[in-house]
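# predicted model and sequence below, questions to follow.
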Amino acid sequence: MSTLDVLVPDIGDFTDVPVAEILVAVGEAVAAEDPLVVLESDKSSMEIPAPQAGTVKELKVGVGDAVSEGSALVVLEVEAAAPTASDGAGAPAEAVESPAEPATPPSRDDATGHLPVQSSLDAGGVAEVERGDVHAGVLVLGSGPGGYAAAFRAADLGLDVVMVERYPILGGVCLNVGCIPSKALLHVAKVIAEAETAGTHGVTFTKPEIDLDALRTWKEGVVAKLTGGLKQMAKGRKVQVVTGEARFTGPNMLAVLGADGETTTVSFDSAIVAAGSRSVQLDGVPHDDPRVMDSTGALELDDIPEQLLVVGGGIIGLEMATVYDALGSQVTVVELADGLIPGADRDLVKPLAKRIGARYAAIHLETKVDKIEARDDGLHATFSGEVEDAVFDRVLVAVGRIPNGASLGLEHAGVHVDDRGFLPVDAQQRTNIQHIFAIGDVAGGPMLAHKATAEGHVAAEVIAGHAAAFEPRGIPSVAYTDPEVAWVGLTETEAAERSIAYEKSVFPWSASGRALAIDGADGLTKLLRDPETGRVLGAGIVGPHAGDLIAEPGFALEMGADVADLGLTIHAHPTLSETIMLAAEIADGTITDLPNKAAIRAAKAKTKS
């Protein structure tokens, strides 16, 4: 047996042509002339075929990679040297024969259908290693939204899946101590706030009585329904779950230390690392004091502090501030940046900053917490600048999260982990080790559950041999504060930093009947468009239900729609969703719900002429 490098043939004057699709997977048998890869120039698509029959040994490229004539695409294992073959455009696919390997890859195990476990290549070739106590066609490390999505998608595609989770309950941070319980409490906070506002409409409620035990039980019930559902879905899909602290011990082996002190070894053909992240801890803060909380501790609702300091004015900090403010705490927010929610455009944050600025005890921007000292009478905080020292009953530290990549023993598998704990991946979620993938927080990019879920689907599909890649045009971000703040795609801040030309149209919710009726007049909907093509580049929304509304412009962005398409789509009236249509009408010069500046300018120009 020998190996054959399939190269990009003569494709004319084209260079740096993107790989549009990978049509084969490692281990797949192909016949001569079977298409392997699709290249797509700005003028045409072309399939690069197999020069002869063989087995795919290695993929040299991923979707989105740029290639030119002579670039290596695929390594085939063949029985003889390859004759040249013509691709669909009439150009021969080039191939270079390599020396025979000392050993050939083993065939699939008839009993399980997956490839026997192998160690990495060395001077002695490919050496088989002993199977672990449990073997997986696909190992998924972590059961959060990315992990369980990857595991369930892989199982649905017919793969043998083992999911390893360090806690006895599935769901990861998001379901257990993050997204879901926080949104449950934010719903309660919204109800309390609406009851307060109703007093200005002639409907007065008495001050709410907070039963923390009952509230905590309800929140935990919401979580239990979802995590219980995950357990049943894992069982129904025959996904085996192994519980314990996991460490890689080799390129195809994992050791899992259980709560009983027993270690279970799990061997695998492919692995998906979905190990998530943890809260950042600050120097000078006594994190071992029970009065100092991270987001997990804040969600436990041990009590309602009279004075609460929130360190960090980002999404997590402000969401928890929203909850505790509604429950009765006097909240002080300290943020190192010059504005709240630093990732969002300032016009989106302005209505939120105005509301909480009037409600909270204080909001200190461009301020650093120098030290927090734990004393019997409270937590004494010292700040930078001219902000006076203060005493708080509790402190919530919410200054970001760091990935868990550095604590998994990945060096034993040969996987590269950067200095911050991230695992660099390609468009197919592969790490530098071809059979090990990474998704979610450990893979870099925004640390969002919905991003992890999408990446999990891609990784599972790639392992199953499907042509898939993670190439979103926009990933929505949402702060579930009061009001909500949401954005997707290009922001004005990013456009300025990257010198990207854009035009914007903004519809103020003060002109929306629906918004006025639900006390959302401070909201707005903003669309950014390409000045030449009119295509949607990004969008931002602030106001009630902004997190739900952002899906429509996100869909338009993904589909490459023009802003005019949004304006021509008939929306129900009166709704908040029609503010998207109305913002598009402003851009298109067809708005009738506001003075039409474009029409006024045109009329003035006509008069002058």
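In hand now; what should we look at? Residues are numbered from 1 along each chain as shown.

# longest strand anywhere in the protein?
Of all the segments of type strand in the chain, defined by DSSP state E, the longest one is strand 263-273.

# report the buried residues of that strand.
Thr264, Thr265, Val266, Ser267, Phe268, Asp269, Ser270, Ala271, Ile272, Val273 (16 or more other CB atoms under 10 Å). No exception for glycine: its C-beta is placed from N, CA and C like everyone else's.

# what's the first helix or strand after that strand?
strand 277-279 (DSSP states H and E).

# and for the helix or strand following that next one, what are the contacting residues?
Going down the chain from strand 277-279, the next helix or strand is strand 292-293, by DSSP H and E. With CB atoms under 8 Å, 6 or more residues apart in numbering as the test, strand 292-293 has contacts from Val285, Pro286, Ile372, Ala374, Leu379, Arg394, Val395, Leu396, Val397.

# distance of Ala155 from Tyr148?
Applying CB to CB, to the nearest Å, the value for Ala155 to Tyr148 is 10 Å.

# have a look at these two and say which one is more surrounded.
Tyr148 (29 against 23; other CB atoms under 10 Å).

# of the contacts of strand 292-293, closest to Leu76?
Val397 (53.9 Å; CB to CB).

# what's near enough to touch the residue lying closest to that closest one once chain neighbours are set aside?
Nearest residue to Val397, sequence neighbours excluded (CB to CB, 6 or more residues apart in numbering): Val311, at 4.9 Å. By CB under 8 Å, 6+ apart, Val311 lies in contact with Leu282, Val285, Gly317, Val334, Val369, Val395, Leu396, Val397, Ala398, Val399.

# could you rerun that using 10 Å?
282, 285, 292, 317, 332-336, 367-369, 372, 381, 395-399 (CB atoms under 10 Å, 6 or more residues apart in numbering).

# what bridges to it?
Residues in a beta bridge with Val311, per DSSP bridges, are Val334, Val397.

# do a quick rundown of the strands in the stretch 251-400 of the chain.
Using DSSP state E, counting those that start in this stretch, the strands of the stretch 251-400 of the chain run over residues 253-257, 263-273, 277-279, 292-293, 307-311, 330-335, 362-365, 369-375, 378-383, 390-392, 394-397.

# for Val323, see how far away Ala189 is.
In terms of CB to CB, Ala189 sits 5 Å off from Val323.

# more neighbours, the two?
More neighbours surround Val323 than the other of Ala189 and Val323, with 26 against 21 (other CB under 10 Å).

# hmm, Ser182 and the more buried one touching each other?
Yes - contact between Val323 and Ser182 holds when scored by CB atoms under 10 Å: they sit 7.4 Å apart.

# find residues that contact each of these two.
Ala298, Leu299, Tyr480.

# parallel or antiparallel, list what pairs with the longest strand of the chain.
strand 134-141 (parallel), strand 253-257 (antiparallel), strand 436-438 (parallel).

# how about stretch 333-343: buried residues?
Val333, Val334, Glu335, Leu336, Leu340, Ile341, Gly343.

# meant to ask about stretch 274-291
Ala274, Ala275, Gly276, Ser277, Arg278, Ser279, Leu282, Val285, Arg291.
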